[in-house]
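mind folding the following:
(2 chains)
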Amino acid sequence: MKKLMLALAFISLCFAGAADWQILAFIAIFTAFMVLLILYILSYLVNSPEMRMMAKGEMYQVFITLMFLMVFVSFQLYSTSVFSSALSSAFEETTMDHISYAQELAAQMATYQGDILKRLTLGLTLPLGSMASASASCNILGTSFSYPGCIGIQVPFSSLMFATNIIVSAMLANNSQIVLLNLAKTFFFPILLPLGLFLRCFQFTRGAGGLLIAIAFSFYFVFPIAIMITAGMAAEVDFGDPMSLIPGEGDIEYPSELFGEEMTSWEINSECNPLDMDPNAGNKQAQRLVGSSAAPMIKSITYVFFVQGLFTTGLNILMTLAAVRGLSKVFGAEVDISAIARIS
Amino acid sequence: MFMAFAWNDVFSLSILSAIVTGITIGLVYAAGQLMQNPRFNVWAKTEFFQVIVSVILVFLTLFLVGLIGLDPSADMVIDAGWITALSSVDVTTVYENPQIGATDSVFDTDEKYLKNLAFFAHRSVRASRALMGSTDEMSKYTRTPCTPAILLCLMGVNGINVRPLSGAAAYMQTSNTLLFTSTSAYLTILAQIFFLRFIQSGLIIVYLPLAIILRSLPFMRPFGGALLAICFSLFIIFPMLLFVESIFWNPYEWVGGTWNEVDDFVGDLEGQSEDAAYGDLFKSVGDWHFSDINNMVPGIIEMTSSAFVCATFLFAFNITVVSAASLLFARLLGAEVDLSRLVQIV
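Purely as a prediction, here's the structure:
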């Protein structure tokens, strides 16, 4: 079964057209082979059977490294040829590989999150903050009376401040994903992989080589695929589109920057009247402002930022680091990657 | 300087160490012959081979250290021009703060690259601080139009008090997160610069002659091997990684036009006098209206993310590779080394 799987993976090699990184990787392995060949010849010159045995043993490692390279090339080919049409159709592109697809997904999510943040701030946070700060004051001969009639709005406003914090954290995490995908595409795979393959061919650098291969493979294949899977899973659940549920700019009437310029009486053009003496006025005002659409809006925002934003990002990184840990053993290194895990 | 040394001294000391160790081993061998003790003879033969291995490794390390620009008398030095030649990107035009020169050595290139990262992270810090300051100012100001106007206002201000941009406090609070993240990134990059300077000081290299002796002493071979492995990975692997990464981990390129937008925002706010910057707070902070700042926030977040990944992930990645290299290299020399704790600087 394993041989069949390997054969299946290698079928795509029949259609291989060499990319830059593939040439580099092949040169790296070939250089290692030549170095070992020289060592093997030298072993005859100095009549050292140990050196000959070591060179022979390392030759096997060169062969195994070559097999790894073929597996990577084959994966890449499946991505750029077999799955390309399916991936590209989602973004109406002509060709698209797995990493470009993941980059598009993450970039789209970043734009979407940014738009939600801006809409939420202009449509809800700013009006509620303004109204929550409103109070009426009366000052006669040194005696003053102040009544913050809209103070009840402070409660949803505080929640919005917390929500803004979470949104910014989720955006930070998502943007970090974009940076890591950029790195995977421009550095990890084209540079680290050939270097790792070369280092893996020698006994005393096998650890570093194995780690580099594991990092390159995991960030180039596992990380984008994890993004695609988690994004797909998250999209399966529909909690509504926050953009359609958050009030737009101007939907809620509130004392804006122009407040006072047109004010001629105690009445203000606002959804909340600070002179409303009803003890439950604030609560009622808050209910009126966000009550009807609050539940679906909160659900959708929570889902988009907690689940689609923070949870899936954490999951993607965890899956990738688990792959690095597991694969580094396969490729010849047992390295503690907890330092990288701690950052994530 | 706390401790000065000449590179030639390290070479001389290494040769001297090898000779002293060789003489000691020779004496032990002679004693073994004299006492007809085969254990002495076997030990001496084994150790003589190890001394040769140590000397080769030490001189190889010294040659490589010279190659990356630490030895001023080295004939052949790798410089930034190699990056241009290998990557077909002119490294001298990639960064501006400061610019990398074509003849800069590996260490100089690394330091200049880290300074560029620090500049980027520092701009993120300033952007987060500018966001915090501007939204704080906007959210605090109160407008109280006196009602009814003129006559009754002489007896005291009556009316409705409103802080129209009180909602900007949400950004003010969340800029704490941005400020914390970007400051961590900035400090991590500074730590890397100081770490690089510590390595560049070359003081660890004085341990190399010691390693030759230690590797031949009973029970001290692991320690000697560990010294060699640490010197090799810190002097060669770490600077070389940064050298290669300098062209690929470029946060300025990742954020694209956002850099200029955020740069303008920070420059405008910091460049103006207080009166100009906070002239008409009900409408704007200087030339910046709240809606402009609102549009700026995703860009600041993007910059902060890039600065954070560049600073912390880069350092953690480099130290992980260095620790992997030193672990395996030390094992080859019969020692156990764990450098992963270094990453706790992050």
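
what parts of the stretch 51-200 of chain B come near chain A?
Residues of the stretch 51-200 of chain B lying close to chain A (Cβ under 8 Å from any Cβ of the partner chain) are B:139, B:142-145, B:147-148, B:155-171, B:173-174, B:177-178, B:181. C-betas here are computed from N, CA, C, even on glycine.

redo that, cut-off 6 Å
B:143, B:145, B:147, B:156-158, B:160-164, B:166-167, B:170, B:173-174, B:177 (Cβ under 6 Å from any Cβ of the partner chain).

which parts of chain A are helices?
A:2-11, A:20-45, A:49-77, A:84-90, A:98-120, A:126-132, A:154-183, A:193-200, A:206-217, A:223-236, A:242-245, A:281-302, A:312-330, A:338-343 (DSSP state H).

oh, that last question was meant for the stretch 201-346 of chain B, not what I typed.
B:207-214, B:221-232, B:238-248, B:251-255, B:258-271, B:274-277, B:290-308, B:314-332 (DSSP state H, counting those that start in this stretch).

now the angle from the last one to helix B:221-232?
It stands for helix B:314-332. In terms of direction (axes from the mean of the first three to the mean of the last three Cα atoms, to 10 degrees), helix B:314-332 departs from helix B:221-232 by 140 degrees.

re the thing from before, which of the helices of the stretch 201-346 of chain B has the lowest average pLDDT?
When those are compared by mean pLDDT, helix B:274-277 comes last with a mean of 48.

so which bits of stretch B:52-60 are buried?
B:54, B:55, B:57, B:58 (16 or more other Cβ atoms under 10 Å in any protein chain shown).

for the second one, give its distance to residue B:226.
As judged by Cβ to Cβ, to the nearest Å, residue B:55 and residue B:226 stand 18 Å apart.

could you do residue A:332 as well?
22 Å.

near chain B at all, stretch A:143-162?
Yes. Stretch A:143-162 reaches chain B (Cβ under 6 Å from any Cβ) through residue A:161.

for that stretch, which positions count as buried?
A:147, A:148, A:149, A:150, A:151, A:152, A:153, A:154, A:156, A:157, A:160, A:161.

can you redo the residues you listed as JSON lines with pLDDT and distance to residue A:137?
Shown next, in JSON lines, are the buried residues of stretch A:143-162 (pLDDT from 0 to 100; distance: Cβ to Cβ, whole Å):
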{"residue": "A:147", "pLDDT": "83", "distance to residue A:137": "8"}
{"residue": "A:148", "pLDDT": "82", "distance to residue A:137": "9"}
{"residue": "A:149", "pLDDT": "79", "distance to residue A:137": "11"}
{"residue": "A:150", "pLDDT": "82", "distance to residue A:137": "13"}
{"residue": "A:151", "pLDDT": "82", "distance to residue A:137": "14"}
{"residue": "A:152", "pLDDT": "80", "distance to residue A:137": "18"}
{"residue": "A:153", "pLDDT": "84", "distance to residue A:137": "18"}
{"residue": "A:154", "pLDDT": "85", "distance to residue A:137": "18"}
{"residue": "A:156", "pLDDT": "84", "distance to residue A:137": "24"}
{"residue": "A:157", "pLDDT": "89", "distance to residue A:137": "20"}
{"residue": "A:160", "pLDDT": "90", "distance to residue A:137": "26"}
{"residue": "A:161", "pLDDT": "92", "distance to residue A:137": "25"}
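
which of those sits closest to residue A:64?
Residue A:64 lies nearest to residue A:161 out of the buried residues of stretch A:143-162, by Cβ to Cβ, at 56.2 Å.

what's the burial count for the closest residue to that closest one other than its chain neighbours?
Spatially, and ignoring its direct neighbours in sequence, residue A:161 is nearest to residue B:170 (4.4 Å; Cβ to Cβ, 6 or more residues apart in numbering or on different chains). Neighbour count for residue B:170, taken as other Cβ atoms under 10 Å in any protein chain shown: 29.
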